[in-house]
Structure formats: structure tokens, C-alpha cells
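Participant: Provided below for reference: sequence and predicted model.
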Amino acid sequence: MNLPFAIPEELLAYLNHPLAWGLGAVLALMLLIALIKRLTPKRRARYRAHEFLFTQAEWRFAEALQKAIGNDWLLMGKVRIADLLAVERDPRLPRGEWLRAFSRISQKHIDYVLVDPDSGRVACCIELDDASHQRRDRQGRDHFVNAAFAQAGVPLLRIPTARRYEAQALREHIRAVIRERPARPGKRGRRQAPRRRSA
């Protein structure tokens, strides 16, 4: 077949070279893969429910804790530390340091929180410590949490896991760590807590 134009001999030699055919095959394969990806429905992550909020050991302690506190406090579970503590705003603090401090509390949780039923004020936080807290990485995490709660003035009680819990002893232990502290100014501390009605 005679073409209406002449193809340079250099181009003909390049097109007939095995490397050119190999490069063309690779490009064609890449285009085919891109086309398949574009036409294939994108798989998205799906959510599933956790059937239980607590482990068996945590639930056993929660039952004992509920008996110990009675109606004096409300029992909350699995509360994010960033909902209990806040990083103080300081104009002299670099933004990177603030973000680093916030990230250290945003992904951690406290096992149980006792809340005043009249005011909603946090009275005490409780961590249930099992054998995993003996690991070095857990000890570092626990040391940071202890220091952060102490700095913020929020009582934090640590209870080792056990087969049985004595409700009265647990109640006395909780009362021993709860202390009155002045409300700190902030979005969650401006409203004056109503006084509890006497029975």
C-alpha cells in the first residue's frame, strides 16, 4: 500500500525496534488497567456493630461499681479523655505543640466516669487495670494519663482487676479520692451547679 506521505527511515527503524514494541505494550497495559479501575465499582469500608461496650471483666466491675455508688453518681463508660480534659490556650504556645498535646488525649479513653446527677459535673474518673498495664508501653501511657489528670485537678482512681469486688470498700475508696475543687472557667464551667435538694 502506497501512503500519501513518506515515513522517515529513522522513524521506521525505531518502530521496528523490539524496545519500541515492548514500551508500547507496557503503555497499552497501563491504559487497560486504568480503564478497568475506572469502570470497576469502588469498594468502600463498611461498619459493623460491637455487640458489647465492655469486656466481660469491665462489665463485672461496672456492675460492682454501680452497686457501690447507688444513686449518688451517674456512671458513664468509655469516655474520651479529650471530653474530660482540655489543652489550655496560651498565645505563647506554638500551634504545633498545642496540636501535639491535643493528639495525646484525643485518641485515649477512660474506662469509667462518675458524674454528679444534679449538675453533670465530673466527680471522679476510674481506670480498671488488668495485666496488660504491666507492659512497658502501657506503663508509659498510664504515667502520662496520671500526670495529665493530676495537672487538671481531676481525681483519677485506679482499680486492679479482681474476681470479686466489695461494694462497701469500693464506695469508701471512691469517696476518699473525690474532693471538692473550684469550677474552672470555660465553656463547660460557666454555669453554676444547682444545689442538691435535701431529702
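Facilitator: Yep, that arrived. Residues are numbered from 1 along each chain as shown.
Participant: helix, strand or coil for residue 76?
Facilitator: strand (DSSP: H, G, I helix; E, B strand; the rest coil).
Participant: Look up phi and psi at residue 101.
Facilitator: Per-residue torsions, residue 101: phi -70, psi -40 (degrees, to the nearest 10).
Participant: Same check on residue 107?
Facilitator: Dihedral angles (degrees, to the nearest 10) for residue 107: phi -110, psi 10.
Participant: now it: how far from residue 73?
Facilitator: Going from residue 107 to residue 73 by Cβ to Cβ, to the nearest Å gives 26 Å. No exception for glycine: its C-beta is placed from N, CA and C like everyone else's.
Participant: okay, which residue is most central for this protein?
Facilitator: In the chain, the C-alpha nearest the mean C-alpha coordinate belongs to residue 107, at 2.6 Å (Cα atoms, centre = their mean).
Participant: Now do the buried residues in stretch 107-127.
Facilitator: Residues 108, 110-116, 122-127 are the ones in stretch 107-127 that count as buried (16 or more other Cβ atoms under 10 Å).
Participant: before we move on, what about stretch 100-109?
Facilitator: Buried residues in stretch 100-109, counted by 16+ other Cβ under 10 Å: 101, 104-105, 108.
Participant: what about residue 134, neighbour count?
Facilitator: 9 (other Cβ atoms under 10 Å).
Participant: And the one 10 residues further on, by the same measure?
Facilitator: A count of nearby residues for residue 144, using other Cβ under 10 Å, gives 14.
Participant: nearest residue to it other than its sequence neighbours?
Facilitator: Using Cβ to Cβ, 6 or more residues apart in numbering and skipping residues adjacent in sequence, the residue nearest residue 144 is residue 104, 6.8 Å away.
Participant: Show me what the mean pLDDT comes to for the host helix or strand of the one you found.
Facilitator: Element membership of residue 104 [criterion: DSSP states H and E] is helix 95-106. Averaged across helix 95-106, pLDDT comes to 93.
Participant: What would the helix or strand in which residue 22 is found look like as PDB? C-alpha coordinates only.
Facilitator: Residue 22 is part of helix 18-39 when elements are defined by DSSP H and E. Taking Å, rounded to 0.1, in the frame of the first residue of the first chain, the C-alpha atoms of helix 18-39 are listed here in PDB:
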ATOM      1  CA  PRO A  18      11.900  -4.600  19.800                       C
ATOM      2  CA  LEU A  19      12.200  -2.000  22.600                       C
ATOM      3  CA  ALA A  20       9.600   0.200  21.000                       C
ATOM      4  CA  TRP A  21       7.200  -2.700  20.800                       C
ATOM      5  CA  GLY A  22       7.900  -3.500  24.500                       C
ATOM      6  CA  LEU A  23       7.300   0.100  25.500                       C
ATOM      7  CA  GLY A  24       4.100   0.200  23.500                       C
ATOM      8  CA  ALA A  25       2.900  -3.000  25.100                       C
ATOM      9  CA  VAL A  26       3.600  -1.600  28.600                       C
ATOM     10  CA  LEU A  27       1.700   1.700  27.900                       C
ATOM     11  CA  ALA A  28      -1.200  -0.300  26.500                       C
ATOM     12  CA  LEU A  29      -1.300  -2.500  29.600                       C
ATOM     13  CA  MET A  30      -1.200   0.600  31.900                       C
ATOM     14  CA  LEU A  31      -4.100   2.200  29.900                       C
ATOM     15  CA  LEU A  32      -6.100  -1.000  30.200                       C
ATOM     16  CA  ILE A  33      -5.500  -1.300  34.000                       C
ATOM     17  CA  ALA A  34      -6.600   2.400  34.400                       C
ATOM     18  CA  LEU A  35      -9.700   1.800  32.300                       C
ATOM     19  CA  ILE A  36     -10.600  -1.300  34.400                       C
ATOM     20  CA  LYS A  37     -10.100   0.600  37.600                       C
ATOM     21  CA  ARG A  38     -12.300   3.400  36.400                       C
ATOM     22  CA  LEU A  39     -15.100   1.000  35.300                       C
END
